[in-house]
Structure formats: structure tokens, C-alpha cells
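1. give me a model of this one.
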Amino acid sequence: MPNVLTTLSLIFALICSFAFYFSDYLFAGLLIIAVGFFDLLDGITARANRMETRFGGFYDAVSDRYTEILILFFASYYINDFLIGFIAITGSLTVSYVRARAEKEGMACNIGFAERAERLMILAICSFFNLVFYGLLIIAILSHLTAIHRFLYVYKEYHNPKSKQERF
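-> Residues are numbered from 1 along each chain as shown. Sure thing, here's the model as predicted:
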């Protein structure tokens, strides 16, 4: 059941990309909210029903990257500004990567403002008012600031003499 919800999130992201492609920014904003809703629901459902699996977590993480790439790319297509889209996509992916890499090293790293849910909400709200350019610009800036913040946090933890973390 949780994997079905993850798949629905991915399907709604695909439909959202078509909404941006066909310049229906209001519908795209609504679909972004649906993507976030199903993404939230899959984790809640998995935990509540004790259906959490390693594959489910993996599938959710991969699906999240695809949904974000689809939405941000087609939002940049809608505004005809692929540079801003590229910067937003790379920032978003880097935020996720830094967290995943830190967790692989045994360190929790969910700090920073621009996590995935926040990025989606920024774009959804901006879409409602046809301010997609500004939504992508905000995501581009905040995602890179969040990635840098996380990087510096991990650096500090590794170089903290009181930290129990192994050093590189």
C-alpha cells in the first residue's frame, strides 16, 4: 500500500509536468500539493501499519528525486528559463545528496530551511499566482544555501574534537 501511494505521487508529478508544459500554472500548483500529500501519506501509512521496508524507503527516495526533477524542469520550461531551472534542480538534488551522504556516515543531517516539502510548497504557492519564475528563483537560492549549510554542519562535526564521528 505505501508503494502504491509513492507511485501515485510520481504519477501526479508527471501530470503536473504536463500542466506546466501546457501553461496551466494553477492546475500545476494544485498537482504539486497532491504530490506532497501522497508523499507524506506513504510514509505515514508505512509506519502506522508497520509496513516499512528498506526497499520502500529506497523507492520513496528515488521517486522523490524523479518527481522533483519533473516538476522543476517543466516549471522552467513554462517560464522559458532553463538556467534558473538548472540551478533549482541542482540545488534540490544536492540538498538531498548531502543528507543521504551524511546519513551514510552515521550522521543525522536534516537541517536547513529548504527541504523537499518546503521547496514544493514554495513552487505551489507561486504557481497559484503565476509567479513561477520567482518560485524557481527562491528554490534555486534556498536549496543551495541549505546544501552549503548542511555541508558546513558535516564539516564542523567531523572536525569537532568532542565528536565521536570518525574523521575522513
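
2. contacting residues for Phe113?
-> Residues in contact with Phe113 (Cβ atoms under 8 Å, 6 or more residues apart in numbering) are Leu142, Leu145, Thr146. For every residue, glycine as well, the C-beta is placed using N, CA and C.

3. could you redo the last one with a cut-off of 10 Å?
-> For Phe113, the contacting residues are Arg119, Ile122, Leu142, Ser143, Leu145, Thr146, His149, taking Cβ atoms under 10 Å, 6 or more residues apart in numbering as the criterion.

4. how about Ile84?
-> Contact criterion Cβ under 10 Å, 6+ apart gives Leu72, Ala75, Ser76, Val132, Phe133, Tyr134, Gly135, Leu136, Leu137, Ile139, Ala140 as the residues in contact with Ile84.

5. what does Gly112 give?
-> Taking Cβ under 10 Å, 6+ apart as the criterion, Gly112 is in contact with 95, 98-99, 118, 142-143, 145-150, 153.

6. for the residue nearest the centre of the chain, which non-adjacent residue is spatially closest?
-> In the chain, the centroid-proximal residue (Cα atoms, centre = their mean) is Arg116; its distance is 3.0 Å. The shortest distance from Arg116 to any non-neighbouring residue, by Cβ to Cβ, 6 or more residues apart in numbering, is to Asp64 (6.2 Å).

7. Leu40 is in contact with that neighbour, correct?
-> No: contact criterion Cβ atoms under 10 Å: Asp64 and Leu40 do not qualify, at 11.3 Å.

8. which neighbours do those two share?
-> Counting by Cβ under 10 Å, 6+ apart, the residues touching both Asp64 and Leu40 are Ser9.

9. who's more crowded, those two?
-> Neighbours per residue, other Cβ atoms under 10 Å: of Asp64 and Leu40, the larger number sits with Asp64, 21 against 13.

10. helix or strand: which one has that one?
-> Using DSSP states H and E, Asp64 sits in helix 54-79.

11. next, the angle from the helix or strand following that helix to helix 54-79.
-> On the C-terminal side of helix 54-79, the nearest following helix or strand under DSSP H and E is helix 82-104. Our comparison of helix 82-104 with helix 54-79, counting by axes from the mean of the first three to the mean of the last three Cα atoms, to 10 degrees, yields an angle of 160 degrees.

12. other SSEs contacting the very next helix or strand once past helix 82-104?
-> Per DSSP H and E, the first helix or strand lying C-terminal to helix 82-104 is helix 116-128. Using 3 or more Cβ pairs under 10 Å, 6 or more residues apart in numbering; DSSP states H and E as the contact test, the elements touching helix 116-128 are helix 2-21, helix 25-48, helix 54-79, helix 82-104, helix 132-158.
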